[in-house]
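**Student:** The following block contains a protein sequence and its predicted model.
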Amino acid sequence: MADASEETKSKILKSAKAEFLEKGFTNASLRTIAANAGLTTGAMYRHFKDKDALFCALVDDAIDETLKMVKAGGLENHENLEDPIGGVHAENEKTFANQFIDYILTNKDAFVLLLTKAAGSTHENFLEEISDIYTENVLSTVHWMKQKFNVTKPIDDMSIHVFATATINAFAEVVLHNMDKEEAAVFIGNIQEFFHFGFMHLLGLPCD
């Protein structure tokens, strides 16, 4: 019975993904989703309570992975490093970014749903919410770096917010412009290098 239930859920999710990708969350039809899964709407409700629950089931894993990525900008990933501004750390961030690119490209449909089809759902503000979380993480790291390295050169929080948001938007562009792995790696690498050395310069730290 458990296997049959999982198979039914899989059929529902496959049907729902196709419907959401075609019509978006607001215009997607639960009747169509159920019919294409070979079910009545009543039978479908035994697995998912509503349309939003269906949408969340398709995108929640992608959101969890994105949250892991934005935590990389947080203080806990910098304060115990021997050299939090050096080349080794920059290479580690590049590796982490490439791993996230791999995840995005492997799960592109989930990100297309989040970025272009989510209006009206729980996650319609996904990009803004992730940008805000990443901004807070970067702010905490930059403020700590200013104390650790006795930085007196000012850099305002709004500038940091703009830089952090631009970084998140760069990853969104990978999906929105349908980049392949090579294109995405070069593009994100350029963004990372630009902001790494830009931050060092604005903080008055060596840009080696």
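**Tutor:** Right, received. Where do you want to start? Just so it is clear, the model here is predicted, and its values are computed rather than measured.

**Student:** so what's K17 up against?
**Tutor:** By CB atoms under 8 Å, 6 or more residues apart in numbering, K17 lies in contact with 58, 109, 113. Yep, even glycine has a C-beta here, placed from its N, CA and C like the rest.

**Student:** Most neighbours among these, please name it.
**Tutor:** L113 (23 neighbours; other CB atoms under 10 Å).

**Student:** I'd say it and V59 touch.
**Tutor:** Yes. Applying CB atoms under 8 Å as the test, L113 and V59 come out as touching, 5.5 Å apart.

**Student:** For the nearest residue to W144 once chain neighbours are set aside, what are phi and psi?
**Tutor:** Among residues not flanking W144 along the chain, L75 sits closest, at 5.4 Å (CB to CB, 6 or more residues apart in numbering). Main-chain dihedrals, L75, degrees, to the nearest 10: phi -60, psi -40.

**Student:** Contacts only, for L75.
**Tutor:** 137, 140-141, 144 are the contacts of L75 under CB under 8 Å, 6+ apart.

**Student:** What subset of these is buried?
**Tutor:** Buried by 16 or more other CB atoms under 10 Å: 137, 140-141, out of these.

**Student:** any chance of those residues in TSV, with secondary structure, distance to P206 and pLDDT too?
**Tutor:** As requested, these are exported to TSV (DSSP: H, G, I helix; E, B strand; the rest coil; distance: CB to CB, whole Å; pLDDT from 0 to 100):
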residue	secondary structure	distance to P206	pLDDT
N137	helix	24	89
S140	helix	22	88
T141	helix	18	84
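
**Student:** Just give me the closest of these to I33.
**Tutor:** When the buried ones among the contacts of L75 are ranked by distance to I33 (CB to CB), N137 comes first, at 36.7 Å.

**Student:** That closest one against K71, yeah?
**Tutor:** Yes. Using CB under 8 Å, N137 is in contact with K71, at 6.5 Å.

**Student:** quick revisit: and the pLDDT for the residue nearest to W144?
**Tutor:** Looking at L75, its pLDDT stands at 71.

**Student:** For E124, see how far away it is.
**Tutor:** 30 Å (CB to CB, to the nearest Å).

**Student:** ok, now which ones touch the residue sitting nearest the centre point of the chain?
**Tutor:** Central residue of the chain (CA atoms, centre = their mean): T66, 3.5 Å from the mean position. Residues near T66 by CB under 8 Å, 6+ apart: 100, 130.

**Student:** Tell me the secondary structure at it.
**Tutor:** Here T66 is recorded as helix under DSSP: H, G, I helix; E, B strand; the rest coil.

**Student:** same deal with L39?
**Tutor:** Per three-state DSSP, the secondary structure class of L39 is coil.
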